[in-house]
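Engineer: I'll drop the sequence and a predicted model, then ask my questions.
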Amino acid sequence: MAQRYQVIIVGGGPVGMALAVELGQRGLSVAVVERGREVGRLPKGQGLTHRSLEHFYFWNCLEEIRTIRLLPPGYPIGGINAYPNLVSDWWYPSGEARNKLGPYYFQRNDRLPQYLTEEVLRGRVEQLDNVTVLFERTAKGISQDAEGVQVQMTSSVWPYEDETLEGEYLVGCDGTGSIVLRELGIERRGVDFETRMALAVIHSPEFHEGTKRFGERTTFHVINPEMHGAWQFWGRVEAENTFFFHGPVKADATSDDKDYVLKVMQEAAGFEFDAEFQHLGFWNLRISVADRYRDRRVFIAGDAAHAHPPYGGQGLNNGLEDVTNLGWKLAAVLDGWGADGLLDSYDAERQAVFTEIGRDMIAQGIIDEDEWLKLHNAERDLADFEAAWKERSSESAAPQDFVQNYDGSPVVEGTPGATPGIHASHSLLARAGFHLAPQPLSSGENVFEALGTGFTLLAFGVEEAATKGIEEAAAAHKVPLTVVRDSYDGGREEYGRHLVLVRPDQFVSWVGDEPPADAEALVRKVAVGG
């Protein structure tokens, strides 16, 4: 008899393990199929956003993330942009805008190698008795029917047996080479810049010394016209001598070309330094997103759904956002109060958001960088370049209009005609389809500490009767609902609304000052999904 689970996850990297935690904490039986046993040691996915640290708070392993980081307490997270190398006088701080996002999120951002993040998630999974991790198994094929899903897998250890798993649903978190994506026949589309990029991990006290003039920085980004918008970029792994580097290289570069890659790094730095290579690999500069994230009972998440450069933390952070979006919806359906339309909304929300991230932020950012460098050339017109550089520096410190939101989602009572995307500004206002900002309660707690694991209705400065309709509708549909009551002052007036309905992923599904005209229809739309 095949083993049967409610959800099978193919791929036990950080996204797969995070989904296992999300589902496991919600009481579901979960199996994770992972071909490796050891965690890889490449220091990618370093920058964890404020939002990602909120996830770790709700996954009950935030303290583990904070204590396992390699950088010492208080080490600033931020970098510099320099033209055309690191010894130039043309440089300015970067990351300032990102560090100003604290008021909009319940946790501050952090920085640590992805392999440490993955170790924390593995440790949390081990605490969940309803999650089974099947290490050293490789999925060979998947199938599905009206009754569920099946995964055919083989073991890479004695006795090398083939096995079959059965489940209600399956999620492919198995990376850019996803067998789940391939088996479903889903296409990924995007833009290929046809540039070979190096990923080098080096130990170099000399490079550390050469960057001391910038103070304590975690990233060093060189802007060079010859790179056509592609980054030459160092990231600090720990406080002193270990760094990783991304940058364009010749098309036939191999792992034997360490002297050549060192020369590339030296030219970008503008000074010579010795380096001990701990790793040298390569990747292609392309951005793509899957046409769809769902095929009946099978879903994809993380790098299986979106492929892009491994700098900027986009893969890990967006993969974790995929997890929290999909996790509560799968639990709702399996617990009996969610309809199939709720699962469709995962595709409608997350695929739409990353389409804009890949197209408008990552790919267009490379194109815009190339165009800016063609327009402003220090050798051709120094005065023009210096004026443009000063403007660029000031723009870097300004707030960025980049906010993932689901306004226009089929399970959000939001703005008519809106569509999910990223083009919006941060705000403390409670807006349907947007992430809830934290605010204090009269009790001294933060709103985030009072949120339930299901839906939460914030009721500030209203009579008890104002929540009755939503409470009764939620009870009728068996939707778990927590009501948080308080006055409409002390910071809570920043929400701009007296009634705020919050989803299990801390996104707002409805706002109002008066009870909804049809509470039953509202709950059926935003919580049940049809």
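Structural biologist: Perfect, thanks for sending it. Numbers count the residues shown, from 1 in each chain.

Engineer: Can you list phi and psi of the most centrally placed residue in the chain for me?
Structural biologist: Taking Cα atoms, centre = their mean, the centroid of the chain lies closest to N317, which sits 1.8 Å from it. Dihedral pair for N317: phi -60, psi -40, per degrees, to the nearest 10.

Engineer: What segments of the stretch 301-450 of the chain are helices?
Structural biologist: Under the criterion DSSP state H, counting those that start in this stretch, helices of the stretch 301-450 of the chain are mapped to 314-334, 340-346, 352-356, 364-375, 382-397, 447-450.

Engineer: next one: the third one to chain centre, how far?
Structural biologist: Right, helix 352-356. 12 Å (Cα atoms, centre = their mean, to the nearest Å).

Engineer: Quick one: mean pLDDT over it.
Structural biologist: In this model, helix 352-356 has an average pLDDT of 95.

Engineer: Kindly report the same for the first one.
Structural biologist: Mean pLDDT, computed over helix 314-334, is 96.

Engineer: Show me what it packs onto, helices and strands only.
Structural biologist: strand 3-10, helix 14-25, strand 47-48, helix 50-58, strand 162-172, helix 340-346 (3 or more Cβ pairs under 8 Å, 6 or more residues apart in numbering; DSSP states H and E). C-beta coordinates here come from the backbone N, C-alpha and C atoms, glycine included.

Engineer: Quick one: low-confidence residue ranges for the stretch 301-450 of the chain.
Structural biologist: Low-confidence segments of the stretch 301-450 of the chain (pLDDT under 70): 311-312.

Engineer: what does the chain give?
Structural biologist: Residues of the chain meeting the criterion pLDDT under 70: 1, 311-312.

Engineer: switch the cut-off to 80
Structural biologist: 1-2, 96-99, 310-313, 397-401 (pLDDT under 80).

Engineer: name the element E96 belongs to?
Structural biologist: Under the criterion DSSP states H and E, no helix or strand holds E96.

Engineer: Next: L121.
Structural biologist: Going by DSSP H and E, L121 is part of helix 114-126.

Engineer: need the contact list for S425.
Structural biologist: S425 sits next to P399, D401, V403 when contact means Cβ atoms under 8 Å, 6 or more residues apart in numbering.

Engineer: Keep only those of those residues that are in strands.
Structural biologist: Among those, DSSP state E puts none in strands.

Engineer: ok, those vs K100, which is closest?
Structural biologist: Of all the contacts of S425, K100 sits closest to P399, with 6.8 Å by Cβ to Cβ.

Engineer: what about that closest one, how many residues close to it?
Structural biologist: The number of residues packed near P399 is 12, by other Cβ atoms under 10 Å.

Engineer: cool, N224 as well?
Structural biologist: So N224, with other Cβ under 10 Å, has 19 neighbours.

Engineer: next one: phi and psi at the closest residue in space to D489 that isn't next to it in sequence?
Structural biologist: Excluding its sequence neighbours, the residue lying closest to D489 (Cβ to Cβ, 6 or more residues apart in numbering) is G461, at 7.6 Å. Taking degrees, to the nearest 10, you get phi 70, psi 30 for the backbone angles of G461.

Engineer: G461: neighbour count?
Structural biologist: 15.
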